[in-house]
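Engineer: okay, predicted coordinates and the sequence, questions at the end:
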Amino acid sequence: MAFPYMSVIRRLPDLLVNQIAAGEVVERPASVLKEVLENALDAGSRSIDVQLEQGGVRRVRVADDGCGIARDDLPLALERHATSKIASLDDLERVATMGFRGEALAAIAGVARLSITSRADGAGHAWRIDAGSHPAEGSLAPAALNQGTVVDVADLYFNTPARRKFLKSEATEYAHCDEVFRRVALARPELAFQLSHNGRVSLRLVAGDARRRIGSLMGDDFLAHARVLEVDAGPLRLTGYAALPAYSRASRDAQYFFVNGRYVRDKLLTHAVREAYADILHGSRHPAYVLFLELDPAGVDVNVHPAKIEVRFRDARAVHQFVFHALTRSLAESGAGQVQPAPAAASWERPPA
Ligand code: ADP
Ligand code: MG
């Protein structure tokens, strides 16, 4: 048997490399939104406006009022492994920004029509770059913009029809975008956000404190049934809200865990929470919570997953113990901590909104 594909080794062209990278980073419109939103956060924005069309497939447009990108840096922003956020291994080990891999915009440019309009602090006017089919070969032109950056991503997968087939309905893709937006907005209550879909504003969030933001996104009912957490133990800090069993859910749709401001899905943390609820929550029910764990960035590796949704703790055992005990104690304080027989199913349901 012959192996015709194994005879020649080639270097892949940049565009193809970016399209392969996009497979990990750009799974669907919501992943574009996540990357572009995180860039807006890293830019020190105070106010972020998101406009989606057709579930984000037709367009994801994010406008921020952050530091902007200088004209000469615009082509670099589109290049793979080009980042303003880290410069050394040391930086990587204590990274405090959401991004650092320098690959998101390059990957997005490989699978969609990407343009960036930006006005750097102190620049006389804005510049716009349209990413061409070759990274960093985009065309630069003067543009009008008062402040910050507008990233416009249109026609996702227009040049990769095989990937397009994996997209779901507009409603489903929009729901994923909405979820990404909520995660970011929960983590950063001090910023103003707006989300529009097909020209209609669906969420408008004013800058405020965590309680107000959580009320806007989780509902006042959640707040009314939740314990406030604020627990410190040396280098570890856990804050947020954890709902009592009366506000438990039939699915995991109200579970938000953030590590140093980053939304994560982590088995260790989920397990610690689950254990803390074990004696007070019926097995078929799911707790509702918005929790923020803070620790020294050196104690957590965020570079274990391309989209950074998973993390690895240096001292996993200590983190698990801390979260479990902090939560168990907070839930018990209210009197909810006593073991109770599982009530009839109906009384576990959240009243319809
Ligand atoms: P990373 O975020 O990992 O650095 P990206 O590909 O997402 O990589 O972005 C590349 C670079 O472009 C960033 O490091 C940053 O310097 C710049 N950039 C991207 N978006 C913005 C923005 N909204 N405001 C300011 N700079 C930005
Ligand atoms: Mg980024």
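Structural biologist: Looks like it came in fine. Ligands and ions are numbered 1, 2, ... in the order given.
Engineer: who are the neighbours in contact with the residue nearest to residue 157 when sequence neighbours are not counted?
Structural biologist: Counting by Cβ to Cβ, 6 or more residues apart in numbering, residue 164 is the residue found nearest to residue 157 once chain neighbours are left out, at 4.1 Å. To be clear about C-beta, it is placed using only N, CA and C from the backbone, and glycine gets the same treatment. Contact analysis of residue 164 by Cβ atoms under 8 Å, 6 or more residues apart in numbering lists 156, 157, 158.
Engineer: in the stretch 151-300 of the chain, what residue is nearest ligand 1?
Structural biologist: Per Cβ to the nearest ligand atom, residue 151 is where the stretch 151-300 of the chain lies closest to ligand 1, at 6.0 Å.
Engineer: hmm, residue 217 and residue 182 touching each other?
Structural biologist: Yes: the pair residue 182 and residue 217 qualifies as a contact (Cβ atoms under 8 Å) at a distance of 5.4 Å.
Engineer: in stretch 159-167, which residues are buried?
Structural biologist: Within stretch 159-167, the residues that qualify as buried are 160, 163, 167, counting by 16 or more other Cβ atoms under 10 Å.
Engineer: could you tell me the model confidence score at residue 248?
Structural biologist: Per-residue confidence (pLDDT) for residue 248: 90.
Engineer: with residue 15 instead?
Structural biologist: With respect to pLDDT, residue 15 scores 89.
Engineer: how close does it get to ligand 1?
Structural biologist: Distance of residue 15 to ligand 1, computed by Cβ to the nearest ligand atom, to the nearest Å: 16 Å.
Engineer: which SS class is that residue?
Structural biologist: Here residue 15 is helix, with the state taken from DSSP: H, G, I helix; E, B strand; the rest coil.
Engineer: that one reaches residue 110, doesn't it?
Structural biologist: Yes: counting by Cβ under 8 Å, residue 110 is a contact partner of residue 15 at 5.8 Å.
Engineer: who's more crowded, these two?
Structural biologist: Taking other Cβ atoms under 10 Å, residue 15 and residue 110 do not tie; residue 110 has more neighbours (27 against 17).
Engineer: count of neighbours near the residue lying closest to the more buried one once chain neighbours are set aside?
Structural biologist: If the residues on either side of it in the chain are set aside, residue 110 comes closest to residue 18, at 3.3 Å by Cβ to Cβ, 6+ apart. When neighbours are counted by other Cβ under 10 Å, residue 18 registers 26.
Engineer: surely residue 18 meets residue 112?
Structural biologist: No: Residue 18 lies out of contact with residue 112 (Cβ under 8 Å); the separation is 11.0 Å.
Engineer: give the contact list for residue 144.
Structural biologist: 125, 126.
Engineer: by proximity to ligand 1, which residue of the stretch 51-200 of the chain wins?
Structural biologist: With distances taken as Cβ to the nearest ligand atom, the stretch 51-200 of the chain approaches ligand 1 most closely at residue 99, which sits 2.3 Å away.
Engineer: state the distance from that residue to residue 158.
Structural biologist: Relative to residue 158, residue 99 is positioned 24 Å away (Cβ to Cβ, to the nearest Å).
Engineer: go on, residue 269?
Structural biologist: Separation of residue 269 from residue 158 (Cβ to Cβ) stands at 38 Å.
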